[in-house]
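Asks: I'd like to go over a predicted model; first the sequence, then the structure.
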Amino acid sequence: SEVQEVNMPKYANFAAAALVAALLAACPVWGQSRDPLPVPDIPGYRTLKCDFHMHTVYSDGDVWPTLRVQEAWKDGLDAIAITDHDDYHPKKGDVSDDISRPYEIARLMGRQLGTLVVPAAEITRGNLHFNALFVKDANAFKGLELATALRQARDQGAFVFWNHPGWRDPIAWFPPVAAAHADGLIQGVELVNGRTFYEGAFPWIREKNLAILSNSDVHRLISIDYGPRERPVTLVFAASASLEGIREALGAHRTAAWANGEVWGGEALLKGLWEGAVTLESSALEFFPRIRQAGLQFRNRSAIPFKLRMKSAPAWLRVRARDIPEEKTVGFFVDAGKEAPAGFHNVAIEFEVTNLHVEPGRNLVVKVPVTVAVAQ
Ligand code: ZN
């Protein structure tokens, strides 16, 4: 019994060490810190931060699928899709070309970390590439001609979007895309792919009734291509933070593109982001005979910066608009002119948010109600 008493703790230590080693090997993010990447929810919907375009060694990427989940966790994302090419497998001599595997491998780590992983594939035909999300069989598209592959995606209930619409060829609504779209086979387009904004695709959002996407299309480590908070993000406004929620929101086109400090999306969605992110610390302005300057303090709780330009205010009130950086409080100088009428005034100050784009050539305009007291 004395021998057992000595050996038991040793065995227990070994087992604990083995368990720790296994966990570390499976999931090296424990002990790491995560960027919370704060973005507000909007009325009725959770705002999910997503990247639906990335590669692994299962096509022409340089990393193993679990690494994509770790990167997404670290960067504060809620969901990813690994979209390996269906017909391009330069590493086939070393790695299988079964593109359902990256999802299967990444999914379990996604469960551990709370990162949603969407089963997906990139249908690649010449210079025209399409991502199919929520596929049932990622390998079903291989070798099929484009229209047939896209019909196969539709039959699987997939959500399909056109990737990097001006890649290699100058951007145009190419005939094969037009034909597929006319058949109801394309539901979205990447306004942003990597560091490229496809301005020419912005009018299509309304004209062709498409959902907006913004994805990294990363092939190497994300940290090689992007600094902190630099990777493009698709914002998805979902009824629930779940795969079902994402699928429904994509189908309803409740998405926005966020990249390089700019956001593109529908007016109501972007207004929701502004209202959830920015608060006026005090909505009262007071002016006295010898003090004709006051300030408006805006607090931005989100990781999205807001760039403001004055739109309208009473002529006797001069507001110096400025940018409100991410997670900062800033003050705007406000001067009352000599002609400012004495008394209390309820005033609406309008700002154009120049980095929130609701449609080509039009930015979000926000109205800030302020009470102004002028003593004479
Ligand atoms: Zn790609």
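Replies: Perfect, I can see it now. Numbering: from 1, shown residues only.
Asks: quickly find the element holding the residue nearest to Asp78 when sequence neighbours are not counted.
Replies: Spatial nearest neighbour of Asp78, chain neighbours left out: Leu48 (4.2 Å); criterion: Cβ to Cβ, 6 or more residues apart in numbering. The C-beta positions use only the backbone N, C-alpha and C, and glycine is treated the same way. Using DSSP states H and E, Leu48 falls within strand 46-51.
Asks: what about the helices in the stretch 251-376 of the chain?
Replies: 267-277 (DSSP state H, counting those that start in this stretch).
Asks: quick one on the thing from earlier: note down every partner strand of the strand holding Leu48 and its orientation.
Replies: strand 79-81 (parallel), strand 233-238 (antiparallel) (DSSP bridges).
Asks: with mean pLDDT and mean neighbour count added, can I get those strands in TSV?
Replies: Shown next, in TSV, are those (pLDDT from 0 to 100; neighbours: other Cβ atoms under 10 Å):
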stretch	mean pLDDT	mean neighbour count
strand 79-81	99	27
strand 233-238	99	28
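Asks: out of the ones you listed, nearest to the ion?
Replies: strand 79-81 (10.7 Å; Cβ to the ion).
Asks: and that closest one, how far from the chain's centre?
Replies: 10 Å (Cα atoms, centre = their mean, to the nearest Å).
Asks: over to stretch 215-234?
Replies: Per Cα atoms, centre = their mean, the centroid offset for stretch 215-234 relative to its chain is 11 Å.
Asks: and the residue in the stretch 1-150 of the chain that the ion sits nearest to, what does it touch?
Replies: At 4.9 Å from the ion, Glu122 is the closest residue in the stretch 1-150 of the chain, using Cβ to the ion. Glu122 sits next to His53, His55, Ser59, Thr83, Asp84, His85, Asp86, His129, Phe130, Asn131, Ala132, Asn163 when contact means Cβ atoms under 8 Å, 6 or more residues apart in numbering.
Asks: who touches the host helix or strand of Ile224?
Replies: For Ile224, the host element (DSSP H and E) is helix 222-225. Identification of contacts with helix 222-225 by Cβ under 8 Å, 6+ apart yields Glu71, Asp75, Gly194, Ser216, Val218, Arg231.
Asks: about what we covered before: pretty sure the residue of the stretch 1-150 of the chain closest to the ion is in a strand, no?
Replies: Yes. Counting by DSSP: H, G, I helix; E, B strand; the rest coil, Glu122 is part of a strand.
Asks: which residue packs closest to it, ignoring adjacent ones?
Replies: Thr83 (4.2 Å).
Asks: neighbours of that neighbour, how many?
Replies: Thr83 has 34 neighbours, counted by other Cβ atoms under 10 Å.
Asks: Val372 now?
Replies: By other Cβ under 10 Å, neighbour count at Val372 equals 24.
Asks: ok now do it, which residues does it touch?
Replies: Contacts of Val372 by Cβ under 8 Å, 6+ apart are Ala284, Leu285, Glu286, Phe287, Leu317, Ala336, Ala340, Phe344, His345, Asn346, Val347.
Asks: which bits of the protein sit near the ion?
Replies: Glu122, Asp217 (Cβ under 5 Å from the ion).
Asks: partners of the longest strand seen in the chain, with directions?
Replies: Criterion DSSP state E: the longest strand present in the chain is strand 343-359. The pairing partners recorded for strand 343-359 under DSSP bridges are strand 262-265 (parallel), strand 306-312 (antiparallel), strand 362-374 (antiparallel).
Asks: just the buried subset of the contacts of Glu122, please.
Replies: Buried subset of the contacts of Glu122 (neighbour count, 16 or more other Cβ atoms under 10 Å): His53, His55, Ser59, Thr83, Asp84, His85, Asp86, His129, Phe130, Asn131, Ala132, Asn163.
Asks: give me the pLDDT for the first one.
Replies: If you check His53, the pLDDT there is 98.
Asks: quick check: closest non-adjacent residue to it.
Replies: Nearest to His53 is Asn215, by Cβ to Cβ, 6+ apart, at 3.4 Å.
Asks: that neighbour: what's it in contact with?
Replies: Asn215 makes contact with Asp51, Phe52, His53, Met54, Asn131, Asn163, Glu190, Val192, Asn193, Pro232, Thr234 under the criterion Cβ under 8 Å, 6+ apart.
Asks: next step: those residues restricted to helices.
Replies: With DSSP state H as the criterion, helices contain none of these.
Asks: ok, so of those, who is nearest Thr255?
Replies: Thr234 (5.8 Å; Cβ to Cβ).
Asks: ok, the closest one to Asn139 distance?
Replies: 25 Å (Cβ to Cβ, to the nearest Å).
Asks: what is the rounded mean pLDDT of the helix holding Ile224?
Replies: 98.
Asks: what comes up buried for that helix?
Replies: Ile222.
Asks: circling back: now the contacts of helix 222-225 in a markdown table, with pLDDT and neighbour count?
Replies: Shown next, in a markdown table, are the contacts of helix 222-225 (pLDDT from 0 to 100; neighbours: other Cβ under 10 Å):
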| residue | pLDDT | neighbour count |
| --- | --- | --- |
| Glu71 | 98 | 23 |
| Asp75 | 98 | 22 |
| Gly194 | 98 | 20 |
| Ser216 | 98 | 28 |
| Val218 | 98 | 24 |
| Arg231 | 98 | 25 |
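Asks: coming back round to it: out of the strands paired with strand 343-359, deepest packed?
Replies: With neighbours defined as mean count of other Cβ atoms under 10 Å, the strands paired with strand 343-359 peak in mean count at strand 262-265, which reaches a mean of 25.
Asks: picking up where we left off before, what's the strand holding Leu48 in contact with?
Replies: Here strand 46-51 has contacts from 37, 39-41, 72, 76-81, 116, 215-216, 218, 231-241, 245-246, 249, 258, 273, 276, using Cβ under 8 Å, 6+ apart.
Asks: point out where the stretch 201-350 of the chain drops to low pLDDT.
Replies: Nowhere does the stretch 201-350 of the chain drop to pLDDT under 70.
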